[in-house]
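Asker: would you be able to build a 3D model of this:
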Amino acid sequence: MEWTGAPNIFSFATYELSQDAMFARLLSWADHKYVQKDKGLH
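Answerer: Numbering: from 1, shown residues only. All right, here's what the predicted structure looks like:
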């Protein structure tokens, strides 16, 4: 599985609290551009 271009926790954690960053990262998987990266998370 290729992870390049997948949502990265560190792109959120620099601006949000750690709990908020994890929640935001999980929600970002709903974007249609990630459907081919990991169908289970999408």
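Asker: alpha carbons only for contacts and neighbour counts from here, please
Answerer: Fine.
Asker: helix or strand with the lowest mean pLDDT in the protein?
Answerer: Lowest by mean pLDDT, DSSP states H and E among the helices and strands of the chain is helix 9-13, with a mean of 71.
Asker: packing partners for the next helix or strand after that helix?
Answerer: Under the assignment DSSP states H and E, the closest C-terminal helix or strand after helix 9-13 is helix 18-28. With contacts taken as 3 or more C-alpha pairs under 8 Å, 6 or more residues apart in numbering; DSSP states H and E, helix 18-28 sits against helix 9-13.
Asker: in the protein, where is pLDDT below threshold?
Answerer: 1-4, 12-17 (pLDDT under 70).
Asker: okay, how far is it across stretch 10-18, tip to tip?
Answerer: Start-to-end span of stretch 10-18 (C-alpha to C-alpha, to the nearest Å) is 10 Å.
Asker: correction: stretch 6-18
Answerer: 18 Å.
Asker: again, but for stretch 7-19
Answerer: Using C-alpha to C-alpha, the two ends of stretch 7-19 sit 15 Å apart.
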